[in-house]
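Q: Need a 3D model of the sequence below.
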Amino acid sequence: MSNRTVLTKIIIISVLVSVFGLYACEETFTPKPRGYFRITLPKKTYISFDTVFPYSFEYPEYATITPDYQSPLEKYWINIEYPVFKGSLHISYMPLKENLIKYLEDSRSLVLKHMPKASAINDSMISIPQHKVFGMIYKIQGAGVASPTQFFLTDSTSHFLRGALYFNIRPNNDSLAPVIDFINEDIKHFIETLNWK
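A: From the prediction side, this is the model:
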(Lines give C-alpha, C1' and ligand atoms only; values in the text may rest on other atoms or scores of the structure.)
Protein backbone atom coordinates (compact mmCIF):
# COMPACT_ATOMS: atom_id res chain seq x y z
CA MET A 1 0.00 0.00 0.00
CA SER A 2 1.33 3.35 -0.90
CA ASN A 3 1.79 6.20 1.50
CA ARG A 4 -0.74 8.17 -0.44
CA THR A 5 -3.47 5.54 0.04
CA VAL A 6 -2.73 5.24 3.75
CA LEU A 7 -2.82 9.03 4.13
CA THR A 8 -6.16 9.23 2.27
CA LYS A 9 -7.65 6.52 4.53
CA ILE A 10 -6.41 8.34 7.66
CA ILE A 11 -7.92 11.61 6.45
CA ILE A 12 -11.26 9.97 5.63
CA ILE A 13 -11.37 8.18 9.00
CA SER A 14 -10.44 11.43 10.81
CA VAL A 15 -13.17 13.36 9.02
CA LEU A 16 -15.76 10.65 9.77
CA VAL A 17 -14.75 10.46 13.44
CA SER A 18 -14.95 14.25 13.70
CA VAL A 19 -18.37 14.40 12.05
CA PHE A 20 -19.77 11.60 14.23
CA GLY A 21 -18.20 13.20 17.29
CA LEU A 22 -19.87 16.53 16.55
CA TYR A 23 -23.31 14.99 16.09
CA ALA A 24 -22.94 12.63 19.05
CA CYS A 25 -22.19 15.52 21.42
CA GLU A 26 -25.00 17.72 20.17
CA GLU A 27 -27.36 18.65 23.00
CA THR A 28 -31.02 18.70 22.10
CA PHE A 29 -33.20 21.39 23.69
CA THR A 30 -36.79 20.61 24.59
CA PRO A 31 -38.72 23.55 26.02
CA LYS A 32 -40.84 22.93 29.09
CA PRO A 33 -44.57 23.46 28.62
CA ARG A 34 -45.88 26.77 29.91
CA GLY A 35 -47.17 26.46 33.45
CA TYR A 36 -49.41 28.61 35.58
CA PHE A 37 -49.27 29.57 39.22
CA ARG A 38 -51.21 27.41 41.61
CA ILE A 39 -54.29 29.28 42.75
CA THR A 40 -55.32 28.90 46.38
CA LEU A 41 -59.10 29.00 46.63
CA PRO A 42 -60.67 30.29 49.87
CA LYS A 43 -63.28 28.48 51.94
CA LYS A 44 -66.85 29.29 50.96
CA THR A 45 -68.75 31.28 53.59
CA TYR A 46 -71.63 33.59 52.67
CA ILE A 47 -72.95 36.92 54.01
CA SER A 48 -76.44 38.31 53.55
CA PHE A 49 -76.88 41.50 51.51
CA ASP A 50 -80.22 42.82 52.73
CA THR A 51 -80.52 46.61 52.54
CA VAL A 52 -82.91 49.19 51.11
CA PHE A 53 -82.27 47.71 47.66
CA PRO A 54 -85.27 46.14 45.87
CA TYR A 55 -83.48 42.79 46.03
CA SER A 56 -81.47 40.78 48.56
CA PHE A 57 -79.01 37.90 48.17
CA GLU A 58 -76.02 36.19 49.74
CA TYR A 59 -72.46 36.82 48.60
CA PRO A 60 -69.11 35.26 49.59
CA GLU A 61 -67.18 36.52 52.60
CA TYR A 62 -64.00 36.94 50.50
CA ALA A 63 -65.78 39.39 48.16
CA THR A 64 -66.68 43.04 48.68
CA ILE A 65 -69.63 45.02 47.37
CA THR A 66 -69.01 48.41 45.78
CA PRO A 67 -71.28 50.82 43.92
CA ASP A 68 -71.00 50.83 40.15
CA TYR A 69 -68.93 54.00 39.70
CA GLN A 70 -69.32 53.77 35.91
CA SER A 71 -73.07 54.41 36.30
CA PRO A 72 -73.48 56.82 39.25
CA LEU A 73 -77.14 57.58 38.39
CA GLU A 74 -78.10 53.92 38.79
CA LYS A 75 -78.34 53.58 42.57
CA TYR A 76 -79.16 49.85 42.54
CA TRP A 77 -76.22 48.84 40.34
CA ILE A 78 -73.35 47.22 42.23
CA ASN A 79 -70.17 45.26 41.71
CA ILE A 80 -69.30 42.18 43.71
CA GLU A 81 -65.51 42.47 43.72
CA TYR A 82 -63.16 39.50 44.01
CA PRO A 83 -59.85 41.27 44.84
CA VAL A 84 -57.89 38.02 45.23
CA PHE A 85 -58.84 36.98 41.69
CA LYS A 86 -58.93 40.49 40.13
CA GLY A 87 -62.50 39.88 39.07
CA SER A 88 -65.89 41.59 39.36
CA LEU A 89 -69.45 40.45 39.05
CA HIS A 90 -71.30 43.48 37.65
CA ILE A 91 -74.93 43.57 38.77
CA SER A 92 -77.40 45.93 37.10
CA TYR A 93 -81.01 46.28 38.20
CA MET A 94 -83.94 47.87 36.37
CA PRO A 95 -87.59 48.08 37.45
CA LEU A 96 -89.99 46.71 34.86
CA LYS A 97 -92.52 49.00 33.23
CA GLU A 98 -93.76 47.06 30.20
CA ASN A 99 -90.19 46.88 28.90
CA LEU A 100 -89.32 43.25 29.64
CA ILE A 101 -88.86 42.38 25.94
CA LYS A 102 -86.37 45.25 25.52
CA TYR A 103 -84.31 44.12 28.54
CA LEU A 104 -84.34 40.51 27.33
CA GLU A 105 -83.11 41.57 23.90
CA ASP A 106 -80.43 43.83 25.43
CA SER A 107 -79.18 40.93 27.57
CA ARG A 108 -79.11 38.60 24.58
CA SER A 109 -77.23 41.11 22.40
CA LEU A 110 -74.63 41.69 25.14
CA VAL A 111 -73.97 37.94 25.24
CA LEU A 112 -73.76 37.72 21.44
CA LYS A 113 -71.06 40.45 21.37
CA HIS A 114 -68.69 37.72 22.58
CA MET A 115 -69.33 35.51 19.52
CA PRO A 116 -66.10 36.44 17.66
CA LYS A 117 -63.94 35.13 20.56
CA ALA A 118 -66.27 32.39 21.79
CA SER A 119 -65.85 28.74 20.93
CA ALA A 120 -69.27 27.96 22.47
CA ILE A 121 -72.09 29.63 24.36
CA ASN A 122 -74.03 27.31 26.63
CA ASP A 123 -77.28 28.61 28.07
CA SER A 124 -79.41 27.21 30.86
CA MET A 125 -82.84 28.27 32.05
CA ILE A 126 -83.31 29.38 35.64
CA SER A 127 -86.62 28.72 37.36
CA ILE A 128 -87.12 29.15 41.11
CA PRO A 129 -90.91 29.58 41.40
CA GLN A 130 -90.96 29.87 45.22
CA HIS A 131 -88.87 33.08 44.96
CA LYS A 132 -90.41 34.20 41.63
CA VAL A 133 -86.95 34.11 40.05
CA PHE A 134 -86.78 33.19 36.38
CA GLY A 135 -84.08 33.78 33.82
CA MET A 136 -81.15 32.45 31.86
CA ILE A 137 -77.46 31.90 32.54
CA TYR A 138 -74.86 31.91 29.77
CA LYS A 139 -71.49 30.16 30.07
CA ILE A 140 -69.29 31.59 27.32
CA GLN A 141 -66.32 29.39 26.41
CA GLY A 142 -63.18 30.51 24.63
CA ALA A 143 -59.64 31.45 25.65
CA GLY A 144 -60.01 35.17 24.87
CA VAL A 145 -63.60 35.77 25.99
CA ALA A 146 -63.87 38.91 28.16
CA SER A 147 -66.89 37.74 30.18
CA PRO A 148 -67.12 33.97 30.75
CA THR A 149 -70.46 34.07 32.61
CA GLN A 150 -73.53 36.27 32.17
CA PHE A 151 -77.10 35.94 33.38
CA PHE A 152 -80.40 37.73 33.77
CA LEU A 153 -83.14 37.23 36.35
CA THR A 154 -86.68 38.57 36.54
CA ASP A 155 -90.03 38.03 38.21
CA SER A 156 -91.53 39.05 34.82
CA THR A 157 -93.71 41.78 36.36
CA SER A 158 -91.66 44.24 38.47
CA HIS A 159 -87.95 43.39 38.59
CA PHE A 160 -85.13 42.74 36.12
CA LEU A 161 -81.53 42.03 37.18
CA ARG A 162 -78.53 41.29 34.97
CA GLY A 163 -75.08 39.99 35.96
CA ALA A 164 -71.78 39.71 34.08
CA LEU A 165 -68.45 38.36 35.32
CA TYR A 166 -65.30 40.19 34.19
CA PHE A 167 -61.64 39.95 35.13
CA ASN A 168 -59.31 42.94 35.33
CA ILE A 169 -56.56 41.07 33.50
CA ARG A 170 -55.91 39.97 29.94
CA PRO A 171 -58.38 37.18 29.21
CA ASN A 172 -56.83 33.73 29.21
CA ASN A 173 -59.70 31.56 30.31
CA ASP A 174 -57.69 28.35 29.98
CA SER A 175 -55.53 29.38 32.94
CA LEU A 176 -58.47 31.05 34.72
CA ALA A 177 -60.70 27.97 34.44
CA PRO A 178 -60.40 26.96 38.14
CA VAL A 179 -61.25 30.52 39.24
CA ILE A 180 -64.15 30.80 36.78
CA ASP A 181 -65.59 27.49 38.05
CA PHE A 182 -65.10 28.66 41.65
CA ILE A 183 -66.90 31.99 41.05
CA ASN A 184 -69.64 30.23 39.04
CA GLU A 185 -70.50 28.38 42.27
CA ASP A 186 -70.90 31.79 43.95
CA ILE A 187 -73.10 32.97 41.06
CA LYS A 188 -75.25 29.86 41.50
CA HIS A 189 -75.55 30.66 45.22
CA PHE A 190 -76.40 34.30 44.38
CA ILE A 191 -79.23 33.14 42.10
CA GLU A 192 -80.56 30.60 44.61
CA THR A 193 -80.67 33.16 47.45
CA LEU A 194 -82.02 36.10 45.43
CA ASN A 195 -85.25 37.57 46.76
CA TRP A 196 -87.28 40.45 45.38
CA LYS A 197 -88.78 43.10 47.65
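Q: how about stretch 157-169: buried residues?
A: Neighbour counts over stretch 157-169 (16 or more other Cβ atoms under 10 Å) mark 159-167 as buried. All C-beta spots, glycine's among them, are computed from the backbone N, C-alpha and C.
Q: again with stretch 49-69
A: 49, 55, 57-60, 62-63, 68.
Q: Then stretch 90-97?
A: 90-94.
Q: and these, which two are the farthest apart?
A: Using Cβ to Cβ, the two most remote members of those are H90 and M94, lying 13.5 Å apart.
Q: quick one, strands of this structure?
A: With strands called from DSSP state E, the chain shows them at 46-49, 55-60, 64-67, 78-82, 87-95, 120-128, 133-141, 149-154, 159-167, 195-196.
Q: Would you mind putting the ones you listed into JSON lines with mean pLDDT and distance to H189 alongside?
A: Below are those laid out as JSON lines (pLDDT from 0 to 100; distance: least, Cβ to Cβ, whole Å):
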{"stretch": "strand 46-49", "mean pLDDT": "96", "distance to H189": "6"}
{"stretch": "strand 55-60", "mean pLDDT": "98", "distance to H189": "6"}
{"stretch": "strand 64-67", "mean pLDDT": "96", "distance to H189": "15"}
{"stretch": "strand 78-82", "mean pLDDT": "97", "distance to H189": "11"}
{"stretch": "strand 87-95", "mean pLDDT": "97", "distance to H189": "12"}
{"stretch": "strand 120-128", "mean pLDDT": "95", "distance to H189": "12"}
{"stretch": "strand 133-141", "mean pLDDT": "96", "distance to H189": "13"}
{"stretch": "strand 149-154", "mean pLDDT": "98", "distance to H189": "13"}
{"stretch": "strand 159-167", "mean pLDDT": "97", "distance to H189": "12"}
{"stretch": "strand 195-196", "mean pLDDT": "97", "distance to H189": "13"}
